[in-house]
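**Q** Okay, predicted coordinates and the sequence, questions at the end:
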Amino acid sequence: MEDLSKVLTWTLVVLQGVLMISGQHYREEYSPRYRTVEYSPQYRTEYRSEYSPSQYSSRAEYSPQYRSEYQSDYSSQYRNGGSSSSSSSRDPCLENPCGQGALCEVRNEVAICKCPPDYLGNAFTRCYPECTSHEECAGHQACFGLRCKDPCAGACGRNANCNVNRHKAVCSCPKDHTGHPFDECRPFTPTDLCYPRNPCGTNANCQPGHDNSGKERPVCTCPTGYSGDPLRYCYAV
């Protein structure tokens, strides 16, 4: 027993020595001298200058200007369920529900498809013009406003006749009328036989009269002191 006690005593002494040596080494390695060298005010100054709060502060990158832009971009549009747009405000026409060439309108949040004015077709499949040139219409029609129409509609004057020739309106006054076919045609009067256009020859007089059958006609005569053919030329004698 005495020998075992001695062995334990020496073991404790050895362990205390080892611990003292280790503690001394630890204090030397992590002494204030090392802390001063590695983390001196000089290094703390450099640390602050290189990683200072001013470089990464909210004032630099997240100033009121940036907060304002953030609020304007992501404010109200994310308030309802975190979505950029609600289903109630979505434009149904963005899904292109209409046919080719059709127009899309939104009424009560529903897409309404229709063909443009003067277009033919189905708004849900295809809208197209009836014509783009006169040649695409029948010979008695012409292309106006992308539709084949009667060219005589509103083309001639009052009481005038209208005939279509190769997609064009031809206006004329009836045989028993006179005037301008694009303005107005009126019935003939006896005065119209000689005026405004004198059908007689040079220097001849024109008077309304009748032929042998009693039909109204201009009567041409040479005036007094003249001779010649009143239908061609009257000369002084």
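**A** Happy to help now that I have it. Every value quoted in this text rests on a predicted model; they were computed, and no experiment measured them.
**Q** List the pairing partners of the one helix or strand Cys206 maps to within its sheet, with orientation.
**A** Element membership of Cys206 [criterion: DSSP states H and E] is strand 205-210. The strands beside strand 205-210 in its sheet (DSSP bridges) come out as strand 216-221 (antiparallel).
**Q** Can you tell me how far Ala160 is from Asp183?
**A** Counting by Cβ to Cβ, to the nearest Å, the gap from Ala160 to Asp183 is 8 Å. Using the backbone N, CA and C atoms, a C-beta is placed for each residue, glycine as well.
**Q** typo on my end, Thr132
**A** In terms of Cβ to Cβ, Thr132 sits 32 Å off from Asp183.
**Q** How about Ala153?
**A** Ala153 is 17 Å from Asp183, by Cβ to Cβ.
**Q** what do you get for His167?
**A** Separation of His167 from Asp183 (Cβ to Cβ) stands at 23 Å.
**Q** Which one of these two is surrounded by more residues?
**A** His167 (17 against 11; other Cβ atoms under 10 Å).
**Q** residues in contact with the more buried one?
**A** With contact taken as Cβ atoms under 8 Å, 6 or more residues apart in numbering, His167 is in contact with His134, Glu135, Cys137, Gly139, Gln141, Ala142, Cys143, Pro151.
**Q** Tell me the most packed of those, by neighbour count.
**A** Ala142 (24 neighbours).
**Q** what are the bridge partners for it, then?
**A** Lys149.
**Q** My understanding was that it contacts Ala153; is that so?
**A** No: here Ala142 lies out of contact with Ala153, judged by Cβ atoms under 8 Å, at a distance of 9.8 Å.
**Q** sec struct for Leu8, please.
**A** With DSSP: H, G, I helix; E, B strand; the rest coil as the basis, Leu8 sits in helix.
**Q** What separation do you get for it and Leu15?
**A** Distance from Leu8 to Leu15, by Cβ to Cβ: 11 Å.
**Q** Okay, helices next: where are they in this protein?
**A** 2-29, 32-38, 41-50, 53-56, 58-61, 64-74 (DSSP state H).
**Q** so what's Cys194 scoring on pLDDT?
**A** In this model, Cys194 is scored at 90, pLDDT.
**Q** Low-confidence stretches in the chain?
**A** 1-7, 14, 16-88 (pLDDT under 70).
**Q** quick check: domain ranges of it?
**A** 92-129, 143-187, 190-236 (automatic domain parsing).
**Q** Could you tell me the end-to-end distance of the last one?
**A** Put plainly, it is domain 190-236. 29 Å (Cα to Cα, to the nearest Å).
**Q** Same check on stretch 163-177?
**A** For stretch 163-177, the end-to-end distance is 17 Å (Cα to Cα).
**Q** And Glu130, how far from Leu146?
**A** Distance from Glu130 to Leu146, by Cβ to Cβ: 6 Å.
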